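Engineer: Below is the structure, and that's it, no one-letter string:
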């Protein structure tokens with residue numbers, strides 16, 4: 001993966017300025033920056049086929065990526081989602097470009113689809129924003145060792161993390177949460193503490209039975225295994241009004257029944273509640289800073 005840093009970002013924004021009439025908004029430059037970065041990271045042809053409505057996807061995975069990004073959806077709310085997801089995707093790749101194993105994730109995005117593997121990037125960002133060391137794990141095909149991320153407590157100690165995603169088209173059912181947690185459990189080693197990061201659709205949060213389903217499923221999985229010390233549940237939540245805002249929501253659950261939940265591990269889980277790092281580069285703020293230098 002080609003590394004891009006601040007000077008490279010500035011050059012992209014200045015290039016956009018040179019090619020377009022004056023007076024364009026910060027949102028225009030932020031969106032344009034994201035598109036150019038995705039072209040660099042994933043290839044010009046892939047980015048064009050997925051981002052632009054008039055380009056035809058060449059594979060099933062590209063079609064699904066286009067659908068997830070809402071590229072061809074003309075509903076006003078989905079136009080906001082489209083712009084937000086493209087910018088967020090590029091921002092995640094930029095901030096995670098130095099994480100070991102990122103190239104493998106990008107390859108899977110191109111060959112297998114965007115939605116599930118975007119969750120891997122979002123999970124990695126959850127820890128990096130809190131200054132916690134991470135490393136993507138290459139698939140081994142071996143049960144109990146095929147988790148997705150290693151979370152580093154120190155140079156010699158890490159916690160394995162399995163990332164599970166329920167895509168937006170998945171309907172909430174009585175067994176959907178339990179089955180997903182149990183699937184994640186099997187991917188984690190038996191002899192050490194592990195974490196499951198679960199991304200769920202926004203629509204699930206509006207379901208009446210969601211809290212009961214989570215309570216029952218978490219209680220069952222926690223009582224039946226020690227290898228899971230915690231579950232991080234993640235979802236996005238949109239607020240529609242004068243301004244359109246996407247909130248990234250998290251819920252952290254600890255397994256008090258796990259023999260691996262000692263004081264050190266519990267303190268580590270508690271640290272997840274801390275605010276994110278100011279080292280994370282937000283594209284809206286970055287673009288605004290670059291635009292302020294325009295004559």
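Structural biologist: Received it, and whenever you're ready, just let me know what you need. Everything numeric in this text was worked out from a predicted model, so none of it was measured. Residues are numbered from 1 along each chain as shown.
Engineer: contact partners of stretch 65-77?
Structural biologist: By CB atoms under 8 Å, 6 or more residues apart in numbering, the residues outside stretch 65-77 that reach it are 49-53, 57, 78-79, 81-82, 85-86, 89, 109, 113-115, 118, 167-168, 238, 240, 244. Where C-beta positions appear, they are placed from N, C-alpha and C, glycine not excepted.
Engineer: can you give me the end-to-end distance of that stretch?
Structural biologist: 18 Å (CA to CA, to the nearest Å).
Engineer: chain center to that stretch, what's the gap?
Structural biologist: Mean C-alpha position of stretch 65-77 versus that of the full chain (CA atoms, centre = their mean, to the nearest Å) differs by 18 Å.
Engineer: Next step: the contacts of stretch 65-77 restricted to helices.
Structural biologist: When the contacts of stretch 65-77 are checked against helices using DSSP state H, the ones located there are 49-51, 78-79, 81-82, 85-86, 89, 109, 115, 118.
Engineer: follow-up on the earlier one: sort out which of the contacts of stretch 65-77 are buried, if you could.
Structural biologist: Neighbour-count burial (16 or more other CB atoms under 10 Å) applied to the contacts of stretch 65-77 gives 49-51, 57, 81-82, 85-86, 89, 109, 113-115, 118.
Engineer: Same list (those) but as a markdown table, adding distance to residue 289 and pLDDT.
Structural biologist: Below are the buried ones among the contacts of stretch 65-77 laid out as a markdown table (distance: CB to CB, whole Å; pLDDT from 0 to 100):
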| residue | distance to residue 289 | pLDDT |
| --- | --- | --- |
| 49 | 32 | 96 |
| 50 | 28 | 97 |
| 51 | 25 | 96 |
| 57 | 35 | 93 |
| 81 | 26 | 95 |
| 82 | 25 | 96 |
| 85 | 23 | 97 |
| 86 | 20 | 97 |
| 89 | 21 | 98 |
| 109 | 29 | 96 |
| 113 | 34 | 91 |
| 114 | 29 | 96 |
| 115 | 31 | 95 |
| 118 | 26 | 96 |
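Engineer: Show me which of the residues you listed is closest to residue 219.
Structural biologist: residue 115 (28.6 Å; CB to CB).
Engineer: I'd like to know which elements whatever helix or strand residue 38 lives in is packed against.
Structural biologist: Element membership of residue 38, judged by DSSP states H and E, is helix 26-42. Helices and strands touching helix 26-42, by 3 or more CB pairs under 8 Å, 6 or more residues apart in numbering; DSSP states H and E, are helix 6-19, helix 44-51, helix 76-95, helix 102-112, helix 283-291.
Engineer: now it and helix 102-112, what's the angle there?
Structural biologist: 90 degrees (axes from the mean of the first three to the mean of the last three CA atoms, to 10 degrees).
Engineer: buried ones in helix 26-42?
Structural biologist: By neighbour count on 16+ other CB under 10 Å, the buried set for helix 26-42 is 29-42.
Engineer: and the closest residue to residue 188 other than its chain neighbours, what does it touch?
Structural biologist: Nearest residue to residue 188, sequence neighbours excluded (CB to CB, 6 or more residues apart in numbering): residue 194, at 3.6 Å. Applying CB under 8 Å, 6+ apart to residue 194 gives the contacts 147, 159, 160, 161, 162, 188, 227, 228, 229.
Engineer: Over to residue 12?
Structural biologist: 32, 33, 36, 37.
Engineer: Format these as TSV; extra columns: distance to residue 273 and pLDDT.
Structural biologist: Shown next, in TSV, are the contacts of residue 12 (distance: CB to CB, whole Å; pLDDT from 0 to 100):
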residue	distance to residue 273	pLDDT
32	36	93
33	32	94
36	36	94
37	31	95
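Engineer: start to end distance for stretch 89-102?
Structural biologist: Using CA to CA, first and last residues of stretch 89-102 are 13 Å apart.
Engineer: Same check on stretch 190-198?
Structural biologist: Terminal-residue distance, stretch 190-198 (CA to CA): 19 Å.
Engineer: Ok, stretch 189-199 next?
Structural biologist: Taking CA to CA as the measure, stretch 189-199 stretches 21 Å from start to finish.
Engineer: Give me the buried positions along it.
Structural biologist: Within stretch 189-199, the residues that qualify as buried are 193, 194, 195, 196, 197, 198, 199, counting by 16+ other CB under 10 Å.
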